[in-house]
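Participant: Quick check, what structure comes out for this input:
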Amino acid sequence: MASRMKQPQGRGISSIFSCCFKGSEQPEITYCHDNPNNAAVLEPTLPMPPLPEMDSLFTELVDELDLTAENRAAMFSLPAQKKWQIYCGKKLEAEENASTRWPEYYIDQLRSLAARKTLLSLEDEEEQGKHKITDGLKTALRTQPMRFVTRFIELDGLSCILNFLKSMDYETTNSQIHTSLIGCIKALMNNSQGRAHVLGHCESINIIAQSLTTESIKTKVAVLEILGAVCLVPGGHKKVLEAMLHYQKFASERTRFQTLLNDLDRSTGRYRDEVNLKTAIMSFINAVLSQGAGETSLEFRIHLRYEFLMLGIQPIIDKLHSNDNAILNRHLDFFEMLRNEDELLMSKQFDAVHIETKSASQMFEVIKRHLSHTEAYPHLLSALQHCLMMPYKQSSTTLQYWVLLDRIIQQLVLQTDKGENPDVAPLEDFNVRNIVSMLIKESEVKQWKEQADKMRKEHQNLQQRFEKREREVEAKNKEKDDMMEMLNKLKDKLERESNEHKQARQQVGDLSARLQQLSSTSSVPGGPPVAYDGAPLGTAQRKNIPRPSNPLKSFNWSKLPESQIEGTIWKEMDDLKVFKVLDLEEFQKTFSAYQKPQKDHEEDQSFVRKVKELSVIDGRRAQNCNILLLRLKLTNEEIRHAVLSMDEQEDLPKDMLEQLLKFVPEKSDIELLEEHKHELDRMAKADRFLYDMSSINHYQQRLQSLYFKKKFAERVAEIKPKIKALSVASQEVVQSGALLQLLEVVLAFGNYMNKGQRGNAWGFKVSSLNKIADTKSSIDKNVTLLHYMITVLERKYPKMAAFSEELQTVPEAAKVNMTELEKDIGKLRSGLKNVEAELQYQQGRSPQGPQDRFVPMVSQFITVASFSFSDVEDSLSEAKQVFGKALVRFGEDTSNMQPDQFFGIFNTFLTAYSEAQQDNKNMARRKEEEERRELLEAQLKRDREQKGRKARANAEEESGEFDDLVSALRSGEVFDRDMSKMNRRKQRTQNVLESSRERVVTRLNQ
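Facilitator: Got it, this is the predicted structure:
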């Protein structure tokens, strides 16, 4: 018989030493007979020895128990009388049970029962006896002194238990005997010596994992608690992973952890309400993920979690949240929080918001983006190419190829710098670091780094030069635009002066005719006509200017007509005297029109001289024209044909046409080029282009018509959506019932809040909508009238809360500027008139050959374009009417309010409404999370109190370090620190969001 405590089933040492577990009352030692009702208070049978001797005996007893430091201190703090009672009770128990409580007895019984089980089946009574033996061994391992455990280990009792576990048949596997045997191992691991012996055994963890095949839920929970606790022990994590791989082969699983996920997902039969098993599975999964290599390695956690995700753990977790069990929810929350944290860290490594690991294309794009333009990119392509050459025919061998490739890449990623593999490795003695060191040399690495730095600097220099060139091009384009504007002004001025010159010549002709008439009727017949300045009337006076032997560069001046010389300083000048002073030969050499390339004397002797080019137009203009021609990649004849045929073949893009308009031959250019038309072969490329284009009648007008024709559809396509948005948005704000109800609520709020002259309103300006957010709550400054109104709408008017769905076109209409819109339509109108005028001109003359298609092409275009433009004008007129009605409907001023202003008010309100609505959701979510956290903390507090009460009531359940690990793992306390850290990080993120939201509200107020 055994000495017992008064507590029920308080058998053995742990019940005697309940004081070690902070019991509120001192235990009373009793002696129990077969009948538990006949219990008498046990008095020590021996007198208490002197205090030093008694302390020595008591110290030996405590040493045998292998207690923790805290429990040892509690034992030694007991009074001397209590120590002697404990010592006598333990000695009495040991003497009475010496024959049946030593390890030899249990080992012999286990071996005998294991042998008999293989020979014949047992009767029910024998089965109960077998269970009694295994259960007695479990109790003895937990309660007997340390020498019992030491003797059990020396006699290889662990191998006896493991062999029994391996040889069990189906009935025994699902019986209580199996549960008791797992309990024996758990009790053995509850002290440091036994735990070291179990972990040191080559097969112990594998055989324990095999017990997951049982259908007994209690046995499965015990096995998972052992495996989870082993993960927390140094060196145990990898043993558990290897054991799960062993179990995969033992149970013929397709993948590792498949049985666990199946049990986690089962919700029928006895598994329907079995929360303990699901809690044990989740605690084991969290321990495997977060302990061992998972404590420091992000790659390992992602690698291992991928196995669970591929088995479908996420939808199972979503379903398990409905169980409403605090401990289970705690494990589920830890899994999801750890996953979110790891995914965030993974995304930051690749500068991405989120990496979808289910999408092969997205993962490939991330890898490609980071390896492009690096030396590793060719190796990535090589790896993909070799993957293409792997066999794809469905077979077991093909699958193993991909499994091997997957495992090797896992080993490359997960192996530590010391060559240790935290998970299963397909290649033994495979040290990644040593192999990489063999592939490259330190000198080569240094050289590559230097080259990379050099290329990086060159890239930066090129980038700076490119940006500088861009700025120069922008400046030159602006300069060119300014020059074109100036040239257009000069052209207008020259046209006016030319018209005046024509009128003056006509007047001179009239006067000459009258003089001739008078001279014919005078008395002196046959007299010569009157001359001006020695020149006959009707002929221009020509200067005797020396002619150069070769053509010279042109001087782009603005020539004054001869009729405007009279009365100016130019009348008093004589430039002929200057020619007598000038060195004309040097001048001619310096400003010759021939562009002769400068070459060294040796080159002149070794190469044939190029033909001299003739260029009479401005150098910069010629250069820009050459650039344009290079971009066009068309000959002059092809460009001429495209212009005459109105580009039927679509050879001239719109942007090229716009550039061609900048290089229309001017009158001065044509005059200079006509002087050298006998030297066409020697003309520079730009000069020849301008000369060829000048042969086209009305070349500029044709180009402008062609450009307008190509751009017309695009411009109409830009205008029509604006008109449509204006019309549709006007109808939306008028017809939206939800908007009208919202305005009604706002009107009620305003009349309720305002008094005096500002109150008792029948309506308000729509601009007042954007002032709602200015009114803040007196209770919470972060809550405005807009936040409150949205809450009221969602509660009282749920259909009205989504009024923005009825105003979908308003944001687009807010961008419509009526002035700009009418200006664009005016450009279309004037452009059509110019094209029609050119069409009338071309119709009045014969075409320039068979390729001249201007009249038929433009006639057809004018017909279609006029109809399209008329439709645009009608649409605009109708939109203006609808918009005006909307303004009247809302009581706004029709003379001043513009569409962008009117719809901009609604657009701003829609944005503020959406932001405030999101603010409300965030506040509600934070409040819900805070409530959940408070409930969780309260539950944890209750759990701790309940745990304390259980510890005081039944000390046997808390009698060792391993039990503490199992208990902490079961309740999730082992993950408290990680969860607290993630919660703090989450709180900081929420604070940042809160401050951002406050800034948004402040901007709205301003």
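Participant: Quick check: closest non-adjacent residue to residue 692.
Facilitator: residue 636 (4.4 Å; CB to CB, 6 or more residues apart in numbering). Bear in mind the C-beta positions are built from the backbone N, C-alpha and C, glycine included.
Participant: quick one: that neighbour and residue 689 touch, right?
Facilitator: Yes: taking contacts as CB atoms under 8 Å, residue 636 lies within contact range of residue 689: 5.5 Å.
Participant: of those two, who's got more company?
Facilitator: Taking other CB atoms under 10 Å, residue 636 and residue 689 do not tie; residue 689 has more neighbours (24 against 15).
Participant: How far does the helix or strand that contains residue 935 sit from its chain's centre?
Facilitator: Assigned by DSSP states H and E, residue 935 belongs to helix 899-953. Chain-centre distance of helix 899-953: 25 Å, with CA atoms, centre = their mean, to the nearest Å.
Participant: Same check on stretch 243-263?
Facilitator: Worked out by CA atoms, centre = their mean, stretch 243-263 lies 36 Å from the chain centre.
Participant: Identify the residues contacting it?
Facilitator: Contacting residues not belonging to stretch 243-263 are listed as 205-206, 208-210, 212-213, 220, 227, 271, 277-278, 281, 284-285, 307-308, 310-313, 316, 424 [CB atoms under 8 Å, 6 or more residues apart in numbering].
Participant: I'd like to know which of the residues you listed are buried.
Facilitator: 205-206, 208-210, 212-213, 220, 227, 277-278, 281, 284-285, 307-308, 311, 313, 316 (16 or more other CB atoms under 10 Å).
Participant: and these, which of them are in helices?
Facilitator: The helices, defined by DSSP state H, take in 205-206, 208-210, 220, 227, 277-278, 281, 284-285, 307-308, 313, 316 from the buried ones among the contacts of stretch 243-263.
Participant: Quick check: the gap between residue 132 and residue 142.
Facilitator: 16 Å (CB to CB, to the nearest Å).
Participant: out of the two, which sits in the busier spot?
Facilitator: residue 142 (23 against 13).
Participant: is it true that that one touches residue 190?
Facilitator: Yes: taking CB under 8 Å as the definition, residue 142 is a contact partner of residue 190 at 6.4 Å.
Participant: which residue ranges form the helices in the stretch 551-700 of the chain?
Facilitator: Taking DSSP state H, counting those that start in this stretch to define them, one finds helices in the stretch 551-700 of the chain at 576-581, 584-590, 601-606, 619-632, 636-644, 654-660, 667-675, 685-694, 699-735.
Participant: in the longest one, what counts as buried?
Facilitator: The reference is to helix 699-735. So, applying 16+ other CB under 10 Å, buried residues of helix 699-735: 699, 701-710, 712, 715-716, 719, 722-730, 732-733.
Participant: Need the pLDDT of the closest residue to residue 691 other than its chain neighbours.
Facilitator: Counting by CB to CB, 6+ apart, residue 691 lies nearest to residue 673, which is 4.6 Å off, once chain neighbours are set aside. Here, the pLDDT recorded for residue 673 equals 80.
Participant: Pick out the lowest-pLDDT one from the ones in helices among the buried ones among the contacts of stretch 243-263.
Facilitator: residue 307 (85).
Participant: if I look at it, how far off is residue 109?
Facilitator: Taken as CB to CB, the span from residue 307 to residue 109 is 41 Å.
Participant: Also residue 282?
Facilitator: 37 Å.
Participant: still on that earlier bit, how much does the helix holding residue 935 deviate in direction from helix 699-735?
Facilitator: 60 degrees (axes from the mean of the first three to the mean of the last three CA atoms, to 10 degrees).
Participant: Tell me which other helices or strands helix 899-953 touches.
Facilitator: Secondary-structure packing of helix 899-953 (3 or more CB pairs under 8 Å, 6 or more residues apart in numbering; DSSP states H and E): helix 326-349, helix 699-735, helix 785-796, helix 810-813, helix 854-889, helix 961-971, helix 976-1005.
Participant: again, 6 Å this time
Facilitator: Judged by 3 or more CB pairs under 6 Å, 6 or more residues apart in numbering; DSSP states H and E, the packing partners of helix 899-953 are helix 785-796, helix 810-813, helix 976-1005.
Participant: Would you mark the buried spots in stretch 760-768?
Facilitator: 764, 766, 768.
Participant: mind checking the end-to-end distance for it?
Facilitator: 16 Å (CA to CA, to the nearest Å).
Participant: what's the offset of that stretch from the middle of its chain?
Facilitator: 44 Å.
Participant: before we move on, what about stretch 962-973?
Facilitator: With CA atoms, centre = their mean as the basis, stretch 962-973 stands 39 Å off its chain's centre.
Participant: for stretch 709-726, same thing?
Facilitator: 35 Å.
Participant: what mean pLDDT does that stretch have?
Facilitator: 88.
Participant: Equivalent analysis for stretch 182-193, please.
Facilitator: 86.
Participant: What of stretch 915-927?
Facilitator: pLDDT averaged over stretch 915-927 gives 88.
Participant: and residue 509, that one's in a helix?
Facilitator: Yes: the assignment for residue 509 (DSSP: H, G, I helix; E, B strand; the rest coil) places it in a helix.
Participant: That one: neighbour count?
Facilitator: If we define neighbours as other CB under 10 Å, then residue 509 has 12 of them.
Participant: what does residue 622 give?
Facilitator: With other CB under 10 Å as criterion, residue 622 counts 20.
Participant: Then residue 298?
Facilitator: By other CB under 10 Å, neighbour count at residue 298 equals 13.
Participant: Over to the nearest residue to residue 722 once chain neighbours are set aside: give its phi and psi.
Facilitator: Of all residues not flanking residue 722 in the chain, residue 816 sits nearest, at 4.8 Å (CB to CB, 6+ apart). As for residue 816, its main-chain torsions (degrees, to the nearest 10) stand at phi -80, psi 120.
Participant: Residue 175 now?
Facilitator: Dihedral angles for residue 175 - degrees, to the nearest 10 - are phi -100, psi 180.
Participant: per-residue confidence for it?
Facilitator: 85.
Participant: higher neighbour count, residue 282 and residue 109?
Facilitator: residue 282 (27 against 19).
Participant: Does the more buried one touch residue 331 like I think?
Facilitator: Yes: applying CB atoms under 6 Å as the test, residue 282 and residue 331 come out as touching, 3.8 Å apart.
Participant: before we move on, the earlier item: list just the nearest of the ones in helices among the buried ones among the contacts of stretch 243-263 to residue 160.
Facilitator: residue 208 (14.7 Å; CB to CB).
Participant: And the closest one, how far from residue 279?
Facilitator: 19 Å.
Participant: Residue 103 too?
Facilitator: 34 Å.
Participant: helices or strands next to the helix or strand harbouring residue 224 in the packing?
Facilitator: Using DSSP H and E, residue 224 falls within helix 217-232. Counting contacts by 3+ CB pairs under 6 Å, 6+ apart, helix 217-232 packs against helix 176-188, helix 236-250, helix 275-290, helix 961-971.
Participant: Residues contacting it from elsewhere in the structure, which ones?
Facilitator: 178-179, 182, 186, 208, 211-212, 236-237, 240, 274, 276-277, 280, 283-284, 287-288, 291, 965-966, 969 (CB atoms under 6 Å, 6 or more residues apart in numbering).
Participant: any shared contact partners between residue 142 and residue 190?
Facilitator: With CB under 6 Å, 6+ apart, residue 142 and residue 190 have no common neighbours.
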